[in-house]
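Undergrad: Starting from these lines, generate the structure:
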Amino acid sequence: MRKRLGLVLSACILGVSGSATAARPAQQNAALGLIARVSGGQIGDASASEGSTVYSGDSLSTNDNGSMLVRVGAMSLELQNSTAVHIYRTPYGAIAELNRGTVLYTTPGGAQNLIIVVSDIRVTPDLSNADAGRVSLDDPCDATVYTQKGQATVVVGSENRVVEQGKAYRVRALNEINYRKYLSPDDSDYHNYHEHVTCPAAYDMAKGKLPVAGGKSAFLLIAAGTTGVATGILIWKALESPDHP
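TA: Predicted structure coming up:
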């Protein structure tokens, strides 16, 4: 009788453990959004098509001539050609880690937000306004952040900068990230699954000089005011909804 009771208890414990294990991937792989437009794009290793569901943790990518527009509620993320991201559900909306290439984003303002992480740089659009902009990974240690509408806060290490409307900054990362496993940058175990490779000291990128002493700002203003207006107009049109009046 005692032996049978032990077997029953063991089975119950295994059942509960199995249920918890099954529930965890289901939560991680919750539906996040959908693909509104795509050409030459993939979800993981499979070809992506319009209307495909995007799940938390999905790897999205485009080929050399591709593009992909992802809708997450009222927010959007557009992958340009030769771009790859991992995207995750969060309590505030979504977070996307840019692994290569360029993304365009729009956020409506309010409670939901779409945060973009590139190397150890974090770009957070302002919640108080509708925002639109572009983030590019130029190389493993350098990114460009451009705000077409609204503004975004960019953080790297202990330094942060508000990128105001119409401005673009080249941002120097502190570390290049080498991944062993992809996790949400908001996950408590995130830093346990990748390695940091220290980037050289900030460059005088405007003049192409050799590395300068540590402590130089990681931010270099490369466009402001009317500079790059033509590019901005093209970005904004690309970010508009296909059914926009």
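Undergrad: which stretches of the chain form helices?
TA: 2-28, 229-239 (DSSP state H).
Undergrad: which stretches of this structure have low pLDDT?
TA: For the chain, the stretches with pLDDT under 70 are 1-28, 202-215, 225-245.
Undergrad: Give me the most central residue, it.
TA: residue 96 (2.2 Å; Cα atoms, centre = their mean).
Undergrad: Quickly list what that one is bridged to.
TA: residue 87, residue 116 (DSSP bridges).
Undergrad: now do residue 137
TA: Beta-bridge partners, per DSSP bridges, of residue 137: residue 101, residue 143.
Undergrad: ok, it to residue 163 distance?
TA: Note on residue 137: its distance to residue 163, by Cβ to Cβ, to the nearest Å, is 16 Å. (C-beta placed from N, C-alpha, C; glycine too.)
Undergrad: same deal with residue 118?
TA: In terms of Cβ to Cβ, residue 118 sits 14 Å off from residue 163.
Undergrad: ok, those two, which is more surrounded?
TA: More crowded of residue 118 and residue 163, by other Cβ atoms under 10 Å: residue 118, with 28 against 23.
Undergrad: Residue 80 versus the more buried one, what's the distance?
TA: 14 Å.
Undergrad: can you count the residues close to the residue nearest to residue 141 when sequence neighbours are not counted?
TA: Counting by Cβ to Cβ, 6 or more residues apart in numbering, residue 199 is the residue found nearest to residue 141 once chain neighbours are left out, at 3.8 Å. Neighbour count of residue 199, defined by other Cβ under 10 Å: 20.
Undergrad: likewise residue 166?
TA: Counted with other Cβ under 10 Å, residue 166 comes out at 18.
Undergrad: quick one: contacts for residue 130?
TA: The neighbours of residue 130, taking Cβ atoms under 8 Å, 6 or more residues apart in numbering as the test, are 106-109, 149-150.
Undergrad: Show me which of those are buried.
TA: Buried residues within the contacts of residue 130, counting neighbours by 16 or more other Cβ atoms under 10 Å: 106-108, 149-150.
Undergrad: For stretch 99-114, which outside residues touch it?
TA: If you take Cβ under 8 Å, 6+ apart as the criterion, stretch 99-114 is touched by 62, 72-86, 92-96, 116, 124-137, 150, 235, 238-239.
Undergrad: now it, how far from the centre of its chain.
TA: Chain-centre distance of stretch 99-114: 8 Å, with Cα atoms, centre = their mean, to the nearest Å.
Undergrad: Spatially nearest residue to residue 126, not counting backbone neighbours?
TA: In space, residue 126 is closest to residue 151, 4.9 Å off (Cβ to Cβ, 6+ apart).
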